[in-house]
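**Student:** Starting from these lines, generate the structure:
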Amino acid sequence: MNLHVIRRSGPRSTYVEAAGFELHVTEWGDPALPALVMWHGLARTGRDFDEAAEALSDTYFVLCPDTLGRGLSAWARDGRHYSYATAGETALGMLDHYRVDKLRWVGTSMGGLIGIRLAGGRLQGRITHLVINDVGPDIPKAGTSRIVDYVGNPPVYDTMSELEAWFRKNYAPFGDNSEAFWRRMVDTSSRRTDDGRVTVHYDPNIVSLLTQNGDDVHVWDAYDAIVAKTLLVRGEASDVLSPEVARMMTARGPKPRLVEFAGVGHAPTLAGDTEIALLREFLAQ
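**Tutor:** This next block holds a predicted model:
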């Protein structure tokens, strides 16, 4: 009897030059497989996707970057680089590094907006499948204000236990996740300060992405120009993607299928078996 052995490999921690910055990328799977980019939310890192990336690495070469100013990627000397424009340039630089032509894109929150801009712009036709996770072209002020408040005022604690409690409280809208997920969040999202205390692993200036209006990209225009197969995911209690905007998105542009997850706010982590099965089915279309 012939047995087919599924080979998964990763994570591999790498650093690439992208648009003049050093970008940290977590790689999963065989580089010969079709490329899948998974891009995280505003104050998170590429390690948020570990469960999904490991599972999907049997079929795809999965790239999970840390956005500029987050995780192990470089910090910008000029806060103006914390923009969707620069994020797009670093994404293009990363794809050039790996010599990727066609790709699939899964983006959570900020990562979803980056994907919209690219799929409806410079990567139109190259992104074949787009998953937009809990974000849309119009974000309610309440959701923006909540994120600005905690991202722009990062905590500093004496112990990792205190920081873990902060993570669990601020990211409670993520819903139920495994203890391994929360432990990894703490381990990969924290750093020591000069005096030995602990804080989050991002540059506080990244909040300028939400407080400044310097981008010249019209998000609805980009959304309407998307030709990729598109899936829209929403947390049922999300304060970032409203039901009204989600309905508008299903009626225009790529007219995606909408899937909502009960008991979750902003944003579904895509780490559970049900979410991973959804991604696998959609990305294989």
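**Student:** all contacts plus neighbour counts: C-alpha atoms, from now on.
**Tutor:** OK.
**Student:** what residues are up against residue 177?
**Tutor:** By C-alpha atoms under 8 Å, 6 or more residues apart in numbering, the contact list for residue 177 reads 271, 272.
**Student:** Helix, strand or coil: sort out it for me.
**Tutor:** State at residue 177, reduced to three classes by DSSP: H, G, I helix; E, B strand; the rest coil: coil.
**Student:** what pLDDT does it get?
**Tutor:** For residue 177, the model assigns a pLDDT of 92.
**Student:** Likewise for residue 91?
**Tutor:** Residue 91 carries a pLDDT value of 98.
**Student:** One more: residue 36?
**Tutor:** As predicted, residue 36 sits at a pLDDT of 99.
**Student:** One more: residue 4?
**Tutor:** 38.
**Student:** got it, and the one 5 residues further on?
**Tutor:** With respect to pLDDT, residue 9 scores 67.
**Student:** Repeat that for residue 151.
**Tutor:** pLDDT recorded at residue 151 is 88.
**Student:** Which residues does the stretch of helix or strand residue 149 belongs to contact?
**Tutor:** Using DSSP states H and E, residue 149 maps to helix 141-151. Helix 141-151 has contacts (C-alpha under 8 Å, 6+ apart) with 43, 170, 204, 206, 207, 210, 211, 239, 240.
**Student:** Next, count neighbours for residue 149.
**Tutor:** 11 (other C-alpha atoms under 10 Å).
**Student:** before we move on, what about residue 229?
**Tutor:** Per other C-alpha under 10 Å, the neighbour tally for residue 229 reads 18.
**Student:** swap in residue 195?
**Tutor:** With other C-alpha under 10 Å as criterion, residue 195 counts 7.
**Student:** do the same with residue 243
**Tutor:** Residue 243 is flanked by 16 other residues according to other C-alpha under 10 Å.
**Student:** Got the confidence number for it?
**Tutor:** 97.
**Student:** For it, give me its contacts.
**Tutor:** Not one residue lies near residue 243 by C-alpha under 8 Å, 6+ apart.
**Student:** The chain: strands as residue ranges?
**Tutor:** For the chain, the strands defined by DSSP state E cover 12-18, 21-28, 35-39, 61-65, 103-108, 127-133, 156-157, 190-192, 198-200, 229-235, 257-261.
**Student:** ok, the second one: who's next to it in the sheet?
**Tutor:** Taking DSSP bridges as the criterion, strand 21-28 sits next to strand 12-18 (antiparallel), strand 61-65 (antiparallel) in its sheet.
**Student:** Least confident secondary structure element in this protein?
**Tutor:** helix 208-211 (a mean of 83; mean pLDDT, DSSP states H and E).
**Student:** what's next to that helix, contact-wise?
**Tutor:** Here helix 208-211 makes contact (C-alpha under 8 Å, 6+ apart) with 79, 80, 82, 83, 84, 144, 148.
**Student:** quick one on the thing from earlier: export the strands of the chain to a markdown table and tack on distance to residue 178?
**Tutor:** Shown next, in a markdown table, are these (distance: least, C-alpha to C-alpha, whole Å):
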| stretch | distance to residue 178 |
| --- | --- |
| strand 12-18 | 22 |
| strand 21-28 | 21 |
| strand 35-39 | 20 |
| strand 61-65 | 20 |
| strand 103-108 | 19 |
| strand 127-133 | 20 |
| strand 156-157 | 24 |
| strand 190-192 | 19 |
| strand 198-200 | 21 |
| strand 229-235 | 18 |
| strand 257-261 | 17 |
